[in-house]
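*Asks:* coordinates only, no sequence provided:
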């Protein structure tokens, strides 16, 4: 009890110190419900992205000493040691769980950081339809994919809405009867299933590859990975293909077919040749999200049908004409 009380007191003190170090505009942005991301650049400029308004340059600056203090406070709270050979902090802000990425020289020219806030409320597939980012026909096809335990790969660029869309899929009733294991670097995914377990990596100790292998001993029905960035992609594909279908993961790519090539590149960190046969068999659906002018859209949705001498064979998840006929209202 005493240890728990001390830990709570320490987290509270760290939160107060961080709040003091942040300038007024950052504090206000952290408290605002429509804030998506806050970025403090090496030159001291502060950029804030909000829902519906996009990225805006603040009229306030954050001094280098304050930026460095913030990074060191977050590192201390996460139990990470900062030194010239390790000047990057990937952690969560104490109290809020907001995702934090901070960098110090020599990695950056001056202290800089970014804070990504999780969405205060989950977007459902119906919300995406209402905003015009998803057609009813495509939503129906995705629900059917979940019901038939298809493995879904969500791809897109930075801040294209991959995590938001993954959460929308996880909110579907099709996941409700299964045991769901969710693996992440930072806690961003949420699942309403009664039987779910959320695991996260620990820097320098527990990688996503470790978690994927450990997960197979936890009797998962479906394995969800927040984002694949390296050799763990191979472990995940093997798991999906050996009795654990119906999973979801995200990755960075510039198109739906590009996502399959990117998956190959990630597996090459763990094997000598790209396992195209495994990818073609394990990945059933690829959804590509794009972001233009602050607006997020479902750019492509493909069903992976196999592999031939020219590469992966795919087909639209739903026909383009059906998508247009069933397109929901635009935002």
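*Replies:* Structure's in. What do you need? Because the structure is a prediction, the values reported are computed rather than measured. Residues are numbered from 1 along each chain as shown.

*Asks:* what about this structure, any weak spots by pLDDT?
*Replies:* Residue ranges of the chain with pLDDT under 70: 1-12, 84-85, 120, 203-204, 293-294, 320-331.

*Asks:* immediately after the host helix or strand of residue 16, which helix or strand?
*Replies:* Residue 16 is part of helix 2-21, with elements assigned from DSSP states H and E. Once the chain leaves helix 2-21, the next helix or strand it forms, by DSSP H and E, is helix 24-31.

*Asks:* packing partners of that following helix?
*Replies:* Other elements packing on helix 24-31 under the criterion 3 or more Cβ pairs under 8 Å, 6 or more residues apart in numbering; DSSP states H and E are strand 35-40, strand 45-50, strand 54-61. (Each C-beta comes from the backbone N, C-alpha and C, glycine too.)

*Asks:* TSV for those, including mean neighbour count and distance to residue 257?
*Replies:* TSV is the format used below for the helices and strands packed on helix 24-31 (neighbours: other Cβ atoms under 10 Å; distance: least, Cβ to Cβ, whole Å):
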stretch	mean neighbour count	distance to residue 257
strand 35-40	22	28
strand 45-50	18	28
strand 54-61	13	28
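
*Asks:* tell me the domain ranges of the protein?
*Replies:* Taking automatic domain parsing as the reference, the chain has its domains at 2-116, 125-325.

*Asks:* distance from the chain centre to the shortest one, please.
*Replies:* Relative to its chain's centre, domain 2-116 lies at 19 Å (Cα atoms, centre = their mean, to the nearest Å).

*Asks:* what of stretch 102-117?
*Replies:* Remark: stretch 102-117 is offset 20 Å from the chain centroid, using Cα atoms, centre = their mean.

*Asks:* which of the domains of the chain is buried the deepest?
*Replies:* domain 125-325 (a mean of 18; mean count of other Cβ atoms under 10 Å).

*Asks:* for residue 278, which of the helices and strands packed on helix 24-31 is the nearest?
*Replies:* When these are compared by Cβ to Cβ, strand 35-40 sits nearest residue 278, at 34.8 Å.

*Asks:* so what strands line up beside the closest one?
*Replies:* strand 45-50 (antiparallel), strand 112-116 (antiparallel) (DSSP bridges).

*Asks:* reformat those strands as TSV; add distance to residue 274.
*Replies:* What follows is the strands paired with strand 35-40, written out as TSV (distance: least, Cβ to Cβ, whole Å):
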stretch	distance to residue 274
strand 45-50	35
strand 112-116	31
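
*Asks:* mind checking which of those is nearest residue 292?
*Replies:* Of these, the one closest to residue 292 (Cβ to Cβ) turns out to be strand 45-50, at 14.5 Å.

*Asks:* who touches that closest one?
*Replies:* 23, 25-26, 29, 32, 34-41, 55-58, 60-62, 159 (Cβ atoms under 8 Å, 6 or more residues apart in numbering).

*Asks:* angle of that strand against helix 24-31?
*Replies:* Counting by axes from the mean of the first three to the mean of the last three Cα atoms, to 10 degrees, strand 45-50 lies at 20 degrees to helix 24-31.

*Asks:* can you show me the helices along this structure?
*Replies:* 2-21, 24-31, 64-78, 125-130, 136-147, 162-170, 208-215, 232-240, 256-267, 276-282, 320-325 (DSSP state H).

*Asks:* so for residue 225, which of the ones you listed sits nearest?
*Replies:* Among the helices of the chain, the nearest to residue 225 by Cβ to Cβ is helix 232-240 (5.6 Å).

*Asks:* by contact count, what packs against that closest one?
*Replies:* The contact analysis (3+ Cβ pairs under 8 Å, 6+ apart) places helix 232-240 against helix 208-215, strand 222-225, helix 256-267, helix 276-282.
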